[in-house]
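In: can't give you the sequence, but here's the structure:
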């Protein structure tokens, strides 16, 4: 127990000494934050105390060595050492002499007051050393450390990259479910997203490398953009407004307004079906008028759809039922195709927007300009203003 109070403080001083070395190193290189370093210093101090106690309690003590220690501590004038050496045969003595020496030793040992001669006192030098080292460590932790800014920037970059990985994974699931994409486009999008997720998820990228990866992924997807999709989307939106004022085409208008182009095509195709109640002549002419207005609305963005809507209107006005039904079905088919073009482009634009946003956030977190890291010197594809960028709901 007495040795525990000696070795314990020195063990704490040793552990805090290691913490001091770490604190000095943390001011030269961005190793750990001050908060984490304080915790490490505390753990090292406890580990040092535990090591000191282990030395006091677990190290072996041969009997002759222990006899010399207690002779010195209790001022027994080598009595214990002599008794041990006689008992072990290392020192020869007659039985009478050995018995007398042992009796004298036991008598002298019986007068020992261990509490007085072996007091339980902590080592003052050990306490001073551990306190001094602890004060220096605390001072280093309290003083501003320029490496803290580097650590905070790295943490911000890691958080930004992890956030973008989550966003890209969500976008990958959305692309996998998207119905407007062809298989080739879907595979190209998924492959680009998976490569970006794998690269960013490695955890070994610098901000510049992460920005470059996202920018390269944007450029790889840029060829998928359709310059005419914006006009198609705008035309369908105008057509929804044009057909909203009639009871006959209100369902079509509502489906177009919410971006459900497949439902809009089905609603239009229903007028070309032989099932259902026939329209009156007045309703037929009203439907023809709505189709003409819709054709005018989409003429600029999709001339083919405009032509088929006009043909359907002409057939209705001409009273040729069979031709009108066929023309309506053709127009509905084209409307569905146009909707797929818009949906496909919206999926591509959302992917490019996600990549651009991720590039900007990672660049901002790492102190890199948003356009930095591009291998070709051009901005990402989304920087160039995609055809459907900014459209609300198609």
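Out: Happy to help now that I have it. What you see is a predicted model; the values in this text were computed from it and never measured.

In: pLDDT score for the most far-flung residue of the chain relative to its centre?
Out: Taking Cα atoms, centre = their mean as the measure, the residue most remote from the mean C-alpha position of the chain is residue 96, 84.5 Å away. On pLDDT, residue 96 comes in at 92.

In: look up how far residue 4 lies from it.
Out: Distance from residue 96 to residue 4, counting by Cβ to Cβ, to the nearest Å: 42 Å. For glycine as for every other residue, the C-beta is placed from the backbone atoms N, C-alpha and C.

In: any low-confidence regions in the stretch 51-200 of the chain?
Out: Judged by pLDDT under 70, the stretch 51-200 of the chain has its weakly predicted residues at 180.

In: remind me, longest helix of the chain?
Out: Secondary structure assigned by DSSP state H gives helix 321-365 as the longest helix of the chain.

In: packing partners of it?
Out: Using 3 or more Cβ pairs under 8 Å, 6 or more residues apart in numbering; DSSP states H and E as the contact criterion, the neighbours of helix 321-365 among helices and strands are helix 147-177, helix 183-200, helix 207-221, helix 229-243, helix 261-269, helix 281-298, helix 303-318.

In: and residue 335, which of those is closest to it?
Out: helix 261-269 (4.7 Å; Cβ to Cβ).

In: list the helices and strands the closest one packs on?
Out: Using 3+ Cβ pairs under 8 Å, 6+ apart, helix 261-269 is in contact with helix 250-257, helix 321-365.

In: redo the ones you listed as a markdown table? Include mean pLDDT.
Out: Putting those into a markdown table (pLDDT from 0 to 100) gives the following:
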| stretch | mean pLDDT |
| --- | --- |
| helix 250-257 | 90 |
| helix 321-365 | 85 |
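
In: now those in JSON lines, with distance to residue 25 and mean neighbour count?
Out: What follows is the helices and strands packed on helix 261-269, written out as JSON lines (distance: least, Cβ to Cβ, whole Å; neighbours: other Cβ atoms under 10 Å):
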{"stretch": "helix 250-257", "distance to residue 25": "63", "mean neighbour count": "20"}
{"stretch": "helix 321-365", "distance to residue 25": "25", "mean neighbour count": "22"}
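
In: just the buried residues of stretch 101-113, please?
Out: Residues of stretch 101-113 classed as buried: 101, 102, 105, 108 (neighbour count, 16 or more other Cβ atoms under 10 Å).

In: can you give the domain ranges for this protein?
Out: 4-76+112-142, 148-394 (automatic domain parsing).

In: deepest of those domains, which one?
Out: When the domains of the chain are scored by mean count of other Cβ atoms under 10 Å, the highest mean neighbour count falls to domain 148-394 (a mean of 19).

In: tell me the contacts of residue 129?
Out: Counting by Cβ atoms under 8 Å, 6 or more residues apart in numbering, residue 129 makes contact with 9, 10, 13.

In: and it, how close does it get to residue 4?
Out: Relative to residue 4, residue 129 is positioned 17 Å away (criterion: Cβ to Cβ).

In: ok, now residue 348?
Out: Distance, residue 348 to residue 4, using Cβ to Cβ: 72 Å.

In: hmm, who's touching stretch 323-333?
Out: Outside stretch 323-333, the residues that touch it by Cβ under 8 Å, 6+ apart are 265-266, 268-269, 271-274, 284, 291, 305, 308-309, 311-312, 314-316, 318.

In: distance check, residue 2 against residue 73.
Out: If you go by Cβ to Cβ, the gap between residue 2 and residue 73 works out to 9 Å.

In: shared neighbours of the two, anything?
Out: residue 118.

In: out of the contacts of residue 129, which sit inside helices?
Out: Of the positions in those, 9, 10, 13 sit in helices, assigned by DSSP H.

In: what sits against the second one?
Out: Residues in contact with residue 10, defined by Cβ under 8 Å, 6+ apart, are 48, 52, 123, 126, 129, 130.

In: quick one: contacts for residue 254?
Out: With Cβ under 8 Å, 6+ apart as the criterion, the residues that contact residue 254 are 240, 244.

In: and for the one 10 residues further on?
Out: By Cβ under 8 Å, 6+ apart, the residues touching residue 264 are 252, 255, 256, 335, 336, 339.

In: format the ones in helices among the contacts of residue 129 as JSON lines; extra columns: distance to residue 295.
Out: Listed next are the ones in helices among the contacts of residue 129 as JSON lines, based on distance: Cβ to Cβ, whole Å:
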{"residue": "9", "distance to residue 295": "93"}
{"residue": "10", "distance to residue 295": "94"}
{"residue": "13", "distance to residue 295": "90"}
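
In: ok, of those residues, which one's closest to residue 88?
Out: residue 10 (32.9 Å).

In: does residue 226 count as helix, strand or coil?
Out: Assigned with DSSP: H, G, I helix; E, B strand; the rest coil, residue 226 falls in the coil class.

In: so what's it closest to, chain neighbours aside?
Out: residue 345 (5.2 Å; Cβ to Cβ, 6 or more residues apart in numbering).

In: ok, the closest residue to residue 261 other than its chain neighbours to residue 346 distance?
Out: With sequence-adjacent residues excluded and distances taken as Cβ to Cβ, 6+ apart, residue 261 is closest to residue 339, at 2.1 Å. In this view, residue 339 and residue 346 are 10 Å apart by Cβ to Cβ.

In: repeat that for residue 286.
Out: According to Cβ to Cβ, residue 286 stands 32 Å off from residue 346.
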